[in-house]
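> Attaching a predicted model along with its sequence, questions to come.
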Amino acid sequence: MSDASHFDFLIIGGGQAGIPLAHGLAKAGRQVGLVEEKYLGGSCINFGCTPTKAAIASARLAYQARRAGEFGLNIPRVEVDFPAVLKRAKEILMRSRSGLDRGFEQVDNPTLIRGHGALEGREGDRFRIRIGETRLTADQVVLDTGTRTAVPSIAGLKRIDTIDSENWLDKPDLPEHLIMIGAGYIGLEMGQFYRRMGSQVTVVEGSGQIIGHEDKDVASAIQGFLEADGITFRMNTKIKNIRPIRDGVIVLVDGAAKQDEIEGSDIFLATGRKPNTDKLGLEKIGVKVTDGGIVEVDNRLATTVPGVWAAGDIRGGPMFTHTSWDDYRILMSQLAGDGARTTDRIIPYGVFVDPELGRVGVTEKEARAAGAKIKIATFDMSKNGKANEIGEPRGFIKVVADADTDLILGAAVLASEGAELVHLYVDVMNAGAPFTVIKNAIHIHPTLAEAVQSAVSSM
Ligand SMILES: Cc1cc2nc3c(=O)[nH]c(=O)nc-3n(C[C@H](O)[C@H](O)[C@H](O)COP(=O)(O)OP(=O)(O)OC[C@H]3O[C@@H](n4cnc5c(N)ncnc54)[C@H](O)[C@@H]3O)c2cc1C
């Protein structure tokens, strides 16, 4: 008879790795419990990827409708119903969330346990986990607890009712003038969303470049597109303090040249994410974390304590849904497979501004800093037939290849559907094939994918 308070595996956090892992391990014959304190699906489904991309789709449609005249169409007035835009995004996320809930309701194993899970210590070889007043034990534990909004220490901020990436769906009043703090990918995607909905948007960024990790040419082009949408950027600008006024806020900023004030209606905090590892009881069993709260793992996703594993954003490195999902595949291989899969992987990502940025591998600046012998090819999207036909000739493609082997080391596709197009490079990189495979292939005309080929054809 199985002991209902003991599991082979207890997974804390129903994020992008935890859920498929729970089902996968259960199918492999293990008794599995999954602890979730809020909603299954974590950040991605409930406020991140899913609803933001749904909302961005509304914003793009509004943008296109306003351009109707360029296409020979007459749309006299484009009216945004902001609560309806949020409602649509919520409905889409709810479909995903309830699908995940049903997945647990329909089976006895894995067991979904609602509540906040934390490690309490050991019982012999087992780990003891507390969920409210309930105590469970497990032979092995997987942590997949994700991140939350990192709140910067700015004087006066605590007195302001801010918008952030977790609560934006519950704020149905369209901001009149949104002050976006932070120009990382969340700040840019959401900034463009609000702008296209009709808000005035000012982005305040402490450094001199948006999405600081990217090459300067890519970042400058994106900034230019967002400025063309009407977004104002205050770069190299630190916030000194924020104070509430009757209908909004006043932000005192310290720019490169002078101090001045920005008056806005709302603040959106896009200042990064903080790992949910501080209330997990990790210290009770000796799991090592960095000062920033990232769980230290090896390339098998094993923590410093045998039998405890970590997946998703809390394990450091690229914080994306698809990397968390791939962590599930690594953990399945480690926990119920041949143990062969490790974190040696090629990771692409998208920045879903419009036009999109699809990225994979190294940037040009990283390749040069590493002293690699490289060749670079760029291709302007305005030379691509389809891009002109659909009215989106902005952007460019840049490919970094090894000068000796012709292997692609990295690519940036800043174009309409850039996050889709970059996969042509991703797959060739995973195949270990040179760029000449793409160069010598036949791509359909007229397509944006011809541009992917044109870029490497000039190498
Ligand atoms: C606004 C926004 C947009 C994004 N857009 C994209 C995108 O377009 N593409 C992309 O790839 N990524 C995107 N991301 C990132 C993506 O959402 C995350 O990388 C991904 O969700 C990480 O998954 P995870 O497995 O680490 O955990 P999460 O999905 O964060 O899930 C963790 C879960 O653990 C639960 N939990 C935490 N602590 C406990 C505890 N002690 N006990 C029980 N349960 C607990 C939480 O409630 C949560 O459900 C976006 C993120 C944000 C914020």
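Looks like it arrived, so ask away. No experiment lies behind these values; they were computed from the predicted model shown.
> strand partners of the helix or strand containing Arg128, parallel vs antiparallel please.
Applying DSSP states H and E as the criterion places Arg128 in strand 126-131. Using DSSP bridges, strand 126-131 pairs in its sheet with strand 117-123 (antiparallel), strand 134-143 (antiparallel).
> Ser5 and Arg130 touch, don't they?
No: contact criterion C-beta atoms under 8 Å: Ser5 and Arg130 do not qualify, at 11.6 Å. (C-beta placed from N, C-alpha, C; glycine too.)
> Of those two, which one has the most company?
A direct count of neighbours by other C-beta atoms under 10 Å for Ser5 and Arg130 places Arg130 higher, at 17 against 11.
> residues contacting that one?
Gly117, Ala118, Leu119, Glu120, Gly281 (C-beta atoms under 8 Å, 6 or more residues apart in numbering).
> what pairs with the second one across the strands?
Applying DSSP bridges to Ala118 gives these bridge partners: Arg130.
> ok, the residue nearest to the spatial centre of the chain to Glu392 distance?
The residue lying closest to the centre of the chain (C-alpha atoms, centre = their mean) is Phe320, at 4.6 Å. Using C-beta to C-beta, to the nearest Å, Phe320 is found at 25 Å from Glu392.
> so what's the residue in the stretch 151-300 of the chain that the ligand sits nearest to up against?
In the stretch 151-300 of the chain, the residue that lies nearest the ligand is Ser165 (3.5 Å; C-beta to the nearest ligand atom). By C-beta under 8 Å, 6+ apart, the contact list for Ser165 reads Ser43, Phe47, Gly48, Thr52, Thr149, Ile186, Met190, Ala270.
> give me that answer again for 6 Å
Ile186 (C-beta atoms under 6 Å, 6 or more residues apart in numbering).
> what's the distance between it and Lys274?
From Ser165 over to Lys274 (counting by C-beta to C-beta), the distance is 12 Å.
> repeat for Asp266
22 Å.
> Look at those two and report which has more neighbours.
Between Asp266 and Lys274, counted using other C-beta under 10 Å, the more crowded position is Asp266 (21 against 15).
> I figured that one hits Glu176, correct?
No: Asp266 lies out of contact with Glu176 (C-beta atoms under 6 Å); the separation is 7.9 Å.
> Show me which residues of this protein sit near the ligand.
Residues of the chain lying near the ligand by C-beta under 6 Å from any ligand atom: 12-17, 35-39, 42-44, 48-49, 52-53, 116-118, 144-147, 165, 186, 276, 280, 312-313, 319-322, 324, 352.
> And the contacts of Arg130, which two are furthest apart?
Gly117 and Glu120 (10.0 Å; C-beta to C-beta).
> For those two, work out which one has more neighbours and name it.
Neighbour tally, Gly117 and Glu120, criterion other C-beta under 10 Å: the higher count belongs to Gly117, 27 against 16.
> For whichever residue of the stretch 351-459 of the chain sits closest to the ligand, list the residues it contacts.
Residue of the stretch 351-459 of the chain nearest the ligand, by C-beta to the nearest ligand atom: Phe352 (5.7 Å). Residues counted as contacts of Phe352 (C-beta under 6 Å, 6+ apart) are Ile56, Glu189.
> can you list the domains in this structure?
For the chain, automatic domain parsing gives the domain ranges 6-148+274-336, 157-271, 355-457.
> Would you convert those into a markdown table that also reports distance to Thr343 and mean pLDDT?
Listed next are the domains of the chain as a markdown table, based on distance: least, C-beta to C-beta, whole Å; pLDDT from 0 to 100:
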| stretch | distance to Thr343 | mean pLDDT |
| --- | --- | --- |
| domain 6-148+274-336 | 5 | 97 |
| domain 157-271 | 19 | 96 |
| domain 355-457 | 15 | 98 |
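> quick revisit: got the CA positions of the strand holding Arg128 in PDB?
The C-alpha coordinates for strand 126-131 follow below in PDB (Å, rounded to 0.1, in the frame of the first residue of the first chain):
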ATOM      1  CA  ARG A 126      14.000  11.400   3.000                       C
ATOM      2  CA  PHE A 127      13.400  15.100   2.700                       C
ATOM      3  CA  ARG A 128      10.600  16.600   4.800                       C
ATOM      4  CA  ILE A 129       8.500  19.300   3.200                       C
ATOM      5  CA  ARG A 130       5.900  21.400   4.900                       C
ATOM      6  CA  ILE A 131       2.800  22.700   3.000                       C
END
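> Can you give the distance of it from its chain's centre?
A distance of 31 Å separates the centroid of the chain from that of strand 126-131, by C-alpha atoms, centre = their mean, to the nearest Å.
> coming back round to it: the residue nearest to the centre of the chain contacts Tyr349, correct?
Yes: using C-beta under 6 Å, Phe320 makes contact with Tyr349 at a distance of 5.5 Å.
> quick one: contacts for Arg195?
Val201, Asp229, Gly230, Ile231.
> Could you do Thr52 as well?
Neighbours of Thr52 in contact, by C-beta under 6 Å, 6+ apart: none.
> Kindly confirm my reading that it forms part of a helix.
Yes: looking at Thr52 with DSSP: H, G, I helix; E, B strand; the rest coil, it is inside a helix.
> Distance of it relative to Leu86?
11 Å.
> what's the answer for Ser416, then?
Taking C-beta to C-beta, one finds Ser416 at 25 Å from Leu86.
> Also Arg126?
45 Å.
> So which of the two has more stuff around it?
Leu86 (21 against 18).
> SS state for that one?
helix.
> got a list of what it touches?
Leu169, Pro172.
> Check which helices and strands the helix or strand hosting Gly350 is in contact with.
Gly350 belongs to strand 348-351 when assigned by DSSP H and E. Judged by 3 or more C-beta pairs under 6 Å, 6 or more residues apart in numbering; DSSP states H and E, the packing partners of strand 348-351 are strand 356-361.
> List the contacts of the strand it packs on.
So strand 356-361 is in contact with 348-351, 409-414, 418-419, 421-422, 425-426, going by C-beta under 6 Å, 6+ apart.
> Walk me through which strands that strand pairs with, and which way each runs.
strand 348-351 (antiparallel), strand 408-415 (antiparallel).
> could you point out which element follows the last one?
Right, the one you point to is strand 408-415. helix 418-421.
> Touching the next helix or strand after that following helix from outside, list them.
Following helix 418-421 in sequence order, the next helix or strand is helix 423-430 (DSSP H and E). The contact list for helix 423-430 (C-beta under 6 Å, 6+ apart) reads Ile346, Pro348, Val360, Ile408, Ala411, Val437, Ile438, Val452.
> In helix 423-430, which residues are buried?
His423, Leu424, Tyr425, Val426, Val428, Met429 (16 or more other C-beta atoms under 10 Å).
> Also stretch 203-216?
Quick answer for stretch 203-216 (16+ other C-beta under 10 Å): Val203, Val204, Glu205, Gly206, Gln209, Ile210, Ile211, Glu214, Asp215.
> The spatially closest residue to the fifth one that is not a sequence neighbour: neighbour count?
It stands for Gln209. In space, Gln209 comes closest to Ala219 once its chain neighbours are excluded; the distance is 5.0 Å by C-beta to C-beta, 6 or more residues apart in numbering. Residues near Ala219, counting by other C-beta under 10 Å, number 21.
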